[in-house]
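Peer 1: Could you work out the structure for the sequence below:
(chains A, B and C)
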Amino acid sequence: MINFVLRKIGSTAIVMMVVAVIVFVMIRVGPGDPAAVIAGDHATSEDIDRIRRSLGLDEPMLYQFLHWIGRLLGGDLGQSLFSRKPVLELIAGRLEPTLSLAATTMTFAVCSAIPLGIVAAWQVGRWIDRAVMALATVAFSFPIFIIGYGLVWGFALKLRWLPVQGFRPLSQGPAPYLTHLVLPSLTLGLVFMALLTRMTRSTMIEVLGEDYIRTARSKGLSQLPILFKHALRNAAVPIVTTIGSGIALLIGGVVVAESVFAIPGVGRLTIEAVTQRDYPVIQGVLLLASLAYVLINLLVDLSYGLFDPRIRSIP
Amino acid sequence: MVFKRAIRKIASASLLIAGIAAAACPALASDKTLRAVVNADLKIIDPTWSTAYVTIRHSYLVYDNLFALNSKFEPKPQMVDSYTVSPDRMIYSFTLRKGMKWHDGTPVTAADCVASLKRWAQRNAMGQHMTRAMEGYEIVDDLTFRIKLKEKFGLVLEALAGAEAPAFMMPKRIAEQPIDKQITDPIGSGPFIMKRDEWQPGAKAVYVRNPDYIPRNEPADYLAGGKVAKLDRVEWLYIPDNNTTLSALQAGEIDYFEAPPLDFVQLMKSDPNITVLTIDLLGVQMMARPNSLFPPFDNYKARQALLYLTNQAEAMQAVVGDPDYYLKSCVTYFMCGSENETKAGVVGLTVDIEKAKALFKEAGYKGEPIVVMLPTDRPQYQAAENVLIAAMRKAGLNVDVQSQDWATITARRAKKDAPDKGGWNLFVTSQGGPDPASPLANIWFNSQCDKANIGWACDEELTKLVSAWAQESDPAKRRTMVDAIQTRAFVSVPYVNLGQYVQPIAFRSNIKGVLKAGVPVYWNIEKQ
Amino acid sequence: MTSADIATPRLAFSRTKRHWLLRGAQRHVTVVIGGMLITLLVGTALLAPVLATHDPLALNVAHRLRAPSAEHWFGTDNLGRDVFSRTVYGGRISLLVGLGVAALTTLIGSVLGLLAGMYRWFDSVIMRIMDGLMAIPAILLAVAMMALARPGLLTVVIAITVPEVPRMVRLVRSVVLVIRELPYVEAATAIGARMPRLLLRHILPNALTPIIIQATYVCASAVLIESYLGFLGVGIPPEIPSWGNILSDGRSYVQLAFWIIFFPGMFLGFMVLAINMLGDGLRDMLDPRLARRF
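Peer 2: I've put the predicted structure just below:
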C-alpha cells in the first residue's frame, strides 16, 4: 500500500513538471502583452515599453522560466502583474466560492444520479428507464448558460425566490450562502447528474446480470438488499472513477457557471487573467488546478480499496 | 419503500431550501451602502500607471484635486483656497485650504502637492506641455506654492483641472516613488477611503466614507464644489455579464449600473424602480485610427478617403440603437456641445464611394490588403467597425479583417511593424469627457509624428497651430485659431470621427443626488 | 464534455447479459430518432445557401433587434442581421468544428495510443505527457490556447482537440493492451508476425469499434465546447457565424431579444442530443457480442 502511494506521488511530481512546462511555454509564446493592457487605451508606445521593462518582461524567456521555476520550488507563485498582489493570495480569496459551488453541485448530482441510475437499471426497458435516460441525454446536450439563463428568468426574476447572481461567504450566515448557491449548482449539477446517471445505470445493468446476483435472487432475497447491498457495492468502483474524472468536467463547467452567475471564483480569475495576459496568475491557477485534479484522482485510486478488497492486495 | 422515503426526504429538503430562500430575500440591505457595478474590473490603482477609465474613477473616490471643472468647463479651486496670477501671467501662486488631512492622518502640505504634480506631469500630455513651458515650482510655506513659467502657457488652470486624467494629489512619500514603480498604497485626501484589505481584483473594491474630509461650502457642480460623502460605504462589484447585471438591478441586488448597454435603456425606463440618467454633458467620441506609418494610410489622401466612407448615423445606430442617445451627425474633432465645437473645414463624413475610390487611387493604392483589427470582446467597437468595413469593401478595398481580443490588439497596435509583418492599418477606439474638446488634451489629435499616440499621426503644420493656440490666453483669438486647426486637421486627418453618443447610467430609484459630473462620482449620492 | 461517458473497452468485450430484445427495441428508438434529427440538421446546414433568406453577414442597422416575423423567421440580432440565416449557416461551422475535432482527435489519439500500447519505452513518455495535459481543465486549456493564438476556425479546432486527445490515447492504448494478450494475437506473435503487420491486421480492426463510439462523443462534446468558447468571448472570430458566436453575441440581449440565443441554442442542443443518441445507438449496435446474437 505504502509502496503504491509513493509510486503514485512520484508520478504526480513528473506530471506536475510536465504541466509547468506546457503552461509556461503555451502562455509566453502567444500574442498579447500585459504591459499594453496595464497602460490602458490611450497610452503611447513609450508608456508600454517603460512598463514592460519595469515588469521584467523584456528579459530572455529562458531566464524568466528559470526564475519562475526557482521561486515555484520555494513555494512562491509570484505576484499579479496588475494588482501586485501575491498570486497565492488571489487564488486563496477565490477558493471558497469555487469549492462551495463544486461541493453543492457534486452533492446534488451524486444524490440524484445514483438513485436515478439504480431505478433505471432495475426497471431497464420500462417507461421509467426511458424517462430517466431521456432526461439524462437532454440535460447534457444543452449548453450550461442556456439552462442557467432559463433558471434565472424563472426562479429569480419571475418567482423572485432566489437571488440572480453573486456569492455570499458562509461567514455571513448559512441562509444567504445557500440561497446564492442553489441556481448555479442546479444549472451545473444537471449536466453532471446526467453523466453520472448514465454511468450508474450501465454499470448496474451489467452487475445485475452477473452470476452472483442471480444466485442471490434464487436464494429468494428481496429486491432492495440485492440492489443496494450486492449490486451497488460492486458497481461502486466505476461510479467513483466517473466521479473522479468528472472533476475535470466540473471545473470546466464551473468556469461557465461563474460567468453566468457572477460568482468571483477561481474560474473567473483565470478567464480574466487570460484576457489580460496576467502571466503569473494564469500559470499559478493552471498549475494548482492540475495539482488538485491529480490529487483527487490519487484519492479516487486509493478509495478503490474501500469498495473492492481485491484491489487492496495488488501492490 | 426506500423510494418513498427518499422522495419524502427530497421533498422536505426542498421545502427547507424554499424556506431559507423566503427568509433571506426580504433581508435586502437598507443601510447606507451603495452597490455599484462598474464598467471594468479595477486592476491598477495607480492613476499615473494606467489610462484606464476605471482607474481614473477609482482615483476620484480616493484623491482630491487642486482644481476641478464646473459645468461650464471652467476650472474652479477645489483643494486650493485662493490663488493669484501675476500680471504678465508668468507666476501662479496657490494657497491650499486649511485643515486638510491625508487618509493616514498627516496634514496636506504644499510640498506634497508639488511632488504629486511632478509625478503627474511625467506622464500626462497636458502636464508635459506645462512642464516644458515652466521654469519650476517654488514652495513658499506649508500651504503655499508657486508655478513659475518661462514661456507663455495659457492653460495652467485647465491642465490642473483636466477631467479624464487630472492631477490627483497624494502624500509626498508616495508621489516621490520612481515613476516606473506602481503605487500600491491608495492614500489620498479624497472623500472616500479605499479598504485595501477588502479589495479583490476581478470581484470587488470597497470604499468607506472619509470622516476627516472637509468639503467646500459651495454646492457640488460637475466636478467642482463641495464633495459631501453621504454614503457610508461604496462597494464596486465587477459583473462581466451585462445580462446578469441587468437582472441584478431589476431584482434590487445592486443599486447602480455604471455603463448599461444602450439597448437596455428602454427596458429599464419602463421599470418604475429604475432611474436612467445621463450624467455626461458631452459624451463619447468613437473614432477610427489609421496607421500613418504604412501605405495606404501614410498618404493623407487615403486618410481623407476614409472620411467619405463614414456614415456616422449608421455607425451610431449600430453602436447605440436608441436615437435619444446619439447625435445624427457630429462633424467636429472637438466634441459637439463643447466651447470648441466648430464646423470649420469639414470634408466628407458622408458616404461617397466614388470619391473615396478616386482618393485611394490618387494615394497610389493598388489593392494590397488593409489590416483592420476587430476586437472580439468589445461589442461597441465591433459594431462601429463592422459598418466601416462594409463601406470599405463597397469601395473595392481589400480589407483583411483580423479578429483578436482587446489585449492582443492593444499590444499589437503599439508595434511599428509593417502590416504584413504583424503590424496593422486601422483600428477603432473611443474617448470621452471634456479632454477631447481641447486640441492639446485630445491625445489622438496630437500629430507630433514619433511623439504622437499610437498610429503616429504626423503633421508639423498642425502641431505648430496647436502650440500657438496653447500659448494664447485671449478666448476670442483662441476661437478663430481652433477653426484654423480643424481646417488643417481635415486635410491631414489624424483620425476619423465615427460619431458621438452619451452613455447614461442606471440606478435604483431610491438612490438620490447622483451628480451630472461627466464621470461617475460618488459624493452627494444618498440612499433612501 | 460528454466524453467521460466513454465507451470503455469493457463495453466492447464485456459479458453483457442484457435482454437483447429489449436492447434491440431501445436501440431502434434512439438510432431512429437520433438519425432523423441528424439528417435534418445536417441537411439544413448543407442546404444553407438555399434555405437562408438573407445574407448571414449583411448588416441592416435599421432593422436591429426585430422580433421573429414573416420576413425574419427567427428575428434579427443587434446589428440587424437575420438570425435564421445565421443559424443555418452557423450550423455548417459548428458541424465542421465537431467533425474536425472528432477526426483530428481520432487520428492523433489512435496513432499515439497504438504506439503507446505496442512499445513500452514510448508508452512511459507519451503517457506522462498525456497525464499532464489531462490534468489541466479542458475548458481552461482551450480558453488559454484561444486567447493566445490568432483566432480562426483552425485554432478553435486545435484548441478543442488538444484536451480531448489524452482520453482517446488512453482508450486506444487500453484496447491494445487487452487485445495483445488475447490468444490469437499471442499466437500470431508466436509464429513470428511483425509488429506493424500485427497492428494493421489484427489490432486496429478490433479497436475500431470503441474508437468510433468515442469519436461520436468527442464530436458532440466539441460542438458544445465551441459554444462555451464563444460564450467566454474566445471563440471563432465574429465575422464567421457559428452557433457559439451567435450565442455569445446574443447573451447581452436575453431579456430584450431572447430569439437571438433561443433558436441557435435549440439547434445546438438538438444537434448535440442527436449525436449523443447516435453514439448510444452505435455503441449498442457495434457491440460485437450483441451483434453476434442477431
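
Peer 1: Nearest residue to the middle of chain A?
Peer 2: The residue lying closest to the centre of chain A (C-alpha atoms, centre = their mean) is A:I251, at 2.6 Å.

Peer 1: Can you get me a residue count around the one residue in the stretch 151-300 of chain A that gets nearest to chain B?
Peer 2: As assessed by C-beta to the nearest C-beta, chain B sits closest to A:P264 within the stretch 151-300 of chain A, at 3.3 Å. In this view, the C-beta of every residue, glycine as well, is placed from N, C-alpha and C. Per other C-beta atoms under 10 Å in any protein chain shown, the neighbour tally for A:P264 reads 24.

Peer 1: a helix runs through it, doesn't it?
Peer 2: No - A:P264 is assigned coil when assessed by DSSP: H, G, I helix; E, B strand; the rest coil, not a helix.

Peer 1: ok, it touching A:E96?
Peer 2: No - applying C-beta atoms under 8 Å as the test, A:P264 and A:E96 come out as separate, 9.4 Å apart.

Peer 1: what's near enough to touch the spatially closest residue to the residue of the stretch 151-300 of chain A closest to chain B that is not a sequence neighbour?
Peer 2: Using C-beta to C-beta, 6 or more residues apart in numbering or on different chains and skipping the chain neighbours, the partner closest in space to A:P264 is B:A203 (3.3 Å). Residues counted as contacts of B:A203 (C-beta atoms under 8 Å, 6 or more residues apart in numbering or on different chains) are A:G93, A:R94, A:P264, A:R268, B:L237, B:Y238.

Peer 1: I'd say the fourth one and A:V255 touch.
Peer 2: Read that as A:R268. Yes - here A:R268 reaches A:V255: they are 7.5 Å apart, a contact under C-beta under 8 Å.

Peer 1: hmm, back to that, helix or strand for the residue nearest to the centre of chain A, which one?
Peer 2: For A:I251, the host element (DSSP states H and E) is helix A:232-260.

Peer 1: So for that helix, what gets flagged as buried?
Peer 2: A:232, A:234-260 (16 or more other C-beta atoms under 10 Å in any protein chain shown).

Peer 1: Those residues also near chain C: which ones?
Peer 2: Filtering the buried residues of helix A:232-260 for neighbours of chain C using C-beta under 8 Å from any C-beta of the partner chain leaves A:T242, A:S245, A:G246, A:A248, A:L249, A:I251, A:G252, A:G253, A:V255, A:V256, A:S259.

Peer 1: and of these, the nearest to B:Y495?
Peer 2: The closest of these to B:Y495 turns out to be A:S259 (C-beta to C-beta; 33.8 Å).

Peer 1: Next up, the contacts around whichever residue of the stretch 1-150 of chain C sits closest to chain B.
Peer 2: For the stretch 1-150 of chain C, the residue closest to chain B is C:V61, as judged by C-beta to the nearest C-beta, at 4.3 Å. When contacts are counted by C-beta under 8 Å, 6+ apart, C:V61 touches B:E314, B:Q317, B:A318, B:V387, C:L79, C:G80.

Peer 1: swap the cut-off to 10 Å and go again
Peer 2: Each residue near C:V61 by C-beta atoms under 10 Å, 6 or more residues apart in numbering or on different chains is listed here: B:311, B:313-321, B:383, B:386-387, C:76, C:78-81.

Peer 1: now do B:I139
Peer 2: By C-beta under 10 Å, 6+ apart, the neighbours of B:I139 are B:T109, B:A110, B:A111, B:C113, B:V114, B:A115, B:F145, B:R146.

Peer 1: Can you flag which of those residues belong to helices?
Peer 2: Residues of the contacts of B:I139 located in helices (DSSP state H): B:A110, B:A111, B:C113, B:V114, B:A115.

Peer 1: Let's see if you can find the most crowded of the residues you listed.
Peer 2: Neighbour-wise, the ones in helices among the contacts of B:I139 (other C-beta under 10 Å) top out at B:C113, 27 neighbours.

Peer 1: any idea how far the closest residue to that one other than its chain neighbours is from B:A111?
Peer 2: Excluding the flanking residues, the one nearest B:C113 by C-beta to C-beta, 6+ apart is B:M169, at 5.4 Å. Per C-beta to C-beta, to the nearest Å, B:M169 is found 11 Å from B:A111.

Peer 1: shared neighbours, these two?
Peer 2: In contact with both B:M169 and B:A111: B:A175, using C-beta under 10 Å, 6+ apart.

Peer 1: Look up the closest residue to B:D142, ignoring the ones flanking it.
Peer 2: B:T109 (5.0 Å).

Peer 1: B:L307 too?
Peer 2: B:G348 (2.9 Å).

Peer 1: Would you agree the one you found falls within a helix?
Peer 2: No - using three-state DSSP, the assignment for B:G348 is coil, not a helix.

Peer 1: That one and B:K355 touch, don't they?
Peer 2: Yes - judged on C-beta atoms under 10 Å, B:G348 makes contact with B:K355 at a distance of 7.7 Å.

Peer 1: Need the residues touching each of the two.
Peer 2: B:Q304, B:A305, B:L307, B:Y308, B:L309.

Peer 1: check contacts around the closest residue to the second one other than its chain neighbours.
Peer 2: With C-beta to C-beta, 6+ apart as the criterion, B:A305 has its nearest non-adjacent residue at 3.7 Å, and that residue is B:L359. By C-beta under 10 Å, 6+ apart, the contact set of B:L359 is B:296, B:299-309, B:348, B:352, B:365, B:395.

Peer 1: Neighbour-wise, which one of those leads?
Peer 2: B:A305 (31 neighbours).

Peer 1: hang on, the earlier thing: now do the same for the residue nearest to B:A305: helix, strand or coil?
Peer 2: Of the three states, B:L359 takes helix under three-state DSSP.

Peer 1: Can you check the pLDDT for it?
Peer 2: B:L359 carries a pLDDT value of 95.

Peer 1: which parts of the stretch 51-200 of chain A sit against chain C?
Peer 2: By C-beta under 10 Å from any C-beta of the partner chain, the residues of the stretch 51-200 of chain A that approach chain C are A:121, A:124-126, A:129-130, A:133-134, A:136-147, A:149-150, A:152-153, A:157, A:191-192, A:194-199.

Peer 1: Narrow those to just the buried residues.
Peer 2: Buried residues within these, defined by neighbour count using 16+ other C-beta under 10 Å: A:121, A:124-125, A:129, A:133, A:136-147, A:149-150, A:152-153, A:191-192, A:194-199.

Peer 1: Please look at A:W161 and A:V182 and confirm they touch.
Peer 2: Yes - A:W161 lies in contact with A:V182 (C-beta under 10 Å); the separation is 8.7 Å.

Peer 1: Of the two, give the one with the bigger neighbour count.
Peer 2: Neighbours per residue (other C-beta under 10 Å) separate A:W161 from A:V182, with A:V182 holding more: 22 against 17.

Peer 1: Closest approach to chain A from the stretch 1-150 of chain B, which residue is it?
Peer 2: B:T51 (3.4 Å).

Peer 1: what residues are up against the nearest residue to that residue once chain neighbours are set aside?
Peer 2: Once flanking residues are discounted, B:T51 sits nearest to A:G40: 3.4 Å by C-beta to C-beta, 6+ apart. By C-beta under 10 Å, 6+ apart, the residues touching A:G40 are A:47-48, B:44, B:49-56, B:165, B:410.

Peer 1: now with 8 Å?
Peer 2: Per C-beta under 8 Å, 6+ apart, neighbours of A:G40: B:S50, B:T51, B:A52, B:T55.

Peer 1: Save those residues as JSON lines, and put in distance to A:I22 too.
Peer 2: Formatted as JSON lines, the contacts of A:G40 follow (distance: C-beta to C-beta, whole Å):
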{"residue": "B:S50", "distance to A:I22": "31"}
{"residue": "B:T51", "distance to A:I22": "35"}
{"residue": "B:A52", "distance to A:I22": "32"}
{"residue": "B:T55", "distance to A:I22": "34"}
